[in-house]
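Colleague: model the following, please.
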Amino acid sequence: MSVGFETLRANPLRTLLSTLGIVIGVAALVSVLSVGDGMERFARREIARTTDVQSIVVSPRIFRMIDGERFPQTDPIKLSPADAMHLQQALASTMTVNLTVSGSSLVTIPRDSTPHAAQVTGMLVPDERLGDSALVAGRFFTRDEGRSGAPVAVVSQRLADDLTAGKPASEAVGDTLLFQGQPRTVVGVMKQLEPDRARRAFMPESAANAVIVPALVGRAATMVVRVSRVEDVSVARKQIEQWALDRFGRSWSDRLTVVANEMRVEQLERGLLLFKLFMGALMSISLIVGGIGIMNVLLSSVIERTREIGIRKAAGAAHRHILWQFLSESVVITGVGSVIRLALGGGAGFIVPAVMGGGANLPVHAWLSVSTVAVAIGASVIVGLTFGLYPALRAARLSPIDAMHHE
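Modeller: Presented below is the predicted three-dimensional model:
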């Protein structure tokens, strides 16, 4: 190993030129993978924010099928906040459980007795997708307000317009609406999504239960489990089914449904995997080019140092010693520029998304993950060993006598 280092130090220009190819190759790999990591993070955020792919719905069976006809269940399960908390304890901390109920309610404003129909959704805890970015004014109700059933509501812009009578919707915050005659203080106003002009209200679950008009078969509360990653959906579903078995017995499947959009989850997982494989395969070309450059330099080095190899063999150097010397030189060449490669690749990876974001107005940012760093380092070692093996074998197989007589 020390001989290999000394040889490289004695020929700094050759070492630099041979390192340059692999530096460019791995830097390109790091930059592309970091951009890919950033795009993947952006895609995951958008999927989590705008779809229900990462949600699993647990709901009671209100009807049962007999001879092809639907009949109401005589004793349907009524999911409660206690069930939601019990399920939360059975799941990982990265999974969240929410108890929701929805239905219709008649809403009026204090100065106008004309009722309007509104769609009311109650939640035990605020939906993480309905944060400040979804509001034009005010705030969403807090976890404490959700658990205590505080008489507050977040309303759609249509309801806010009814309350403010042509004034800005932000002025509705702090006012009161009457749902089935029961007051609810407006704490936030949702953005209007065209062409949705419905009157909607979100409030704590127990506060919503008190104002929703009863249905003929009752309003069944449902639990929605959200996972942090798409890959966790199948694991979470198995855990939920085990929880249902423990809590409601073997007949739970006749009284509960556990629904996940598994087909879309599988499609999304395949798409993410294909994206990663494509990016890696694309950049492997540059690694091969850099590896060929290393092989050429080492082959030239073997020819130039033939007499040296002969003398070392005559002095007692074994086959493995010569082999290891040239392999170590190859690995050192690929390892010398590790920091430079990561710095160049990471820098390029952060510049490209900035250009993309400025041109296409997309909030895409690069992300240098641990896996990307590991791939870059592993690729350096593998390229060094792979493309340095042939020159090392050629040097190790030289005949000592022929090598010493080489001119």
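
Colleague: and R237, how many neighbours?
Modeller: Using other Cβ atoms under 10 Å, R237 has 19 other residues around it. Heads up, the C-betas are built off the backbone N, CA and C, glycines and all.

Colleague: tell me which element it is part of?
Modeller: helix 233-248 (DSSP states H and E).

Colleague: just the CA trace of the strand or helix carrying R158, in PDB.
Modeller: Using DSSP H and E, R158 falls within helix 157-164. Extracted in PDB, the C-alpha atoms of helix 157-164 (Å, rounded to 0.1, in the frame of the first residue of the first chain):
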ATOM      1  CA  GLN A 157     -65.300  31.200   1.900                       C
ATOM      2  CA  ARG A 158     -68.900  30.800   0.800                       C
ATOM      3  CA  LEU A 159     -70.000  30.600   4.500                       C
ATOM      4  CA  ALA A 160     -67.700  33.500   5.300                       C
ATOM      5  CA  ASP A 161     -69.300  35.600   2.500                       C
ATOM      6  CA  ASP A 162     -72.800  34.900   4.000                       C
ATOM      7  CA  LEU A 163     -71.500  36.100   7.400                       C
ATOM      8  CA  THR A 164     -69.700  39.300   6.200                       C
END
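
Colleague: who does the following helix or strand past that helix pair up with?
Modeller: Following helix 157-164 in sequence order, the next helix or strand is strand 176-179 (DSSP H and E). Here strand 176-179 is paired, per DSSP bridges, with strand 96-109 (antiparallel), strand 182-190 (antiparallel).

Colleague: before we move on, back to that, to the chain's geometric centre, what's the distance from the helix holding R237?
Modeller: Distance of helix 233-248 from the chain centroid (Cα atoms, centre = their mean, to the nearest Å) equals 23 Å.

Colleague: and the gap between the residue nearest the centre of the chain and D37?
Modeller: Nearest to the geometric centre of the chain sits R44, at 4.4 Å (Cα atoms, centre = their mean). Applying Cβ to Cβ, to the nearest Å, the value for R44 to D37 is 11 Å.

Colleague: which residues does the helix holding R158 contact?
Modeller: Contact with helix 157-164 is made by 107, 109, 116, 118, 136-137, 155, 169, 171-172, 175, 177, 186, 189-192, 197-201, as judged by Cβ atoms under 8 Å, 6 or more residues apart in numbering.

Colleague: show the buried residues in these.
Modeller: The neighbour count (16 or more other Cβ atoms under 10 Å) marks 107, 109, 118, 136-137, 155, 169, 172, 177, 186, 189-190, 199-201 as buried among the contacts of helix 157-164.

Colleague: now render the strands paired with strand 176-179 as a markdown table, adding distance to V258 and mean pLDDT.
Modeller: Output for the strands paired with strand 176-179, formatted as a markdown table (distance: least, Cβ to Cβ, whole Å; pLDDT from 0 to 100):
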| stretch | distance to V258 | mean pLDDT |
| --- | --- | --- |
| strand 96-109 | 13 | 91 |
| strand 182-190 | 29 | 92 |
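
Colleague: in JSON lines: those, plus distance to A207.
Modeller: Below are those laid out as JSON lines (distance: least, Cβ to Cβ, whole Å):
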{"stretch": "strand 96-109", "distance to A207": "10"}
{"stretch": "strand 182-190", "distance to A207": "7"}
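
Colleague: so which of those strands comes closest to F71?
Modeller: The closest of the strands paired with strand 176-179 to F71 is strand 96-109. By Cβ to Cβ, the value is 22.0 Å.

Colleague: circling back to that earlier point, in which helix or strand would I find the residue nearest to the centre of the chain?
Modeller: Short version, using DSSP H and E: R44 is in helix 12-50.

Colleague: now do that helix, average pLDDT.
Modeller: Averaging pLDDT along helix 12-50 yields 68.

Colleague: need the next SSE after it, C-terminal direction.
Modeller: Next along from helix 12-50, by DSSP H and E: strand 55-60.
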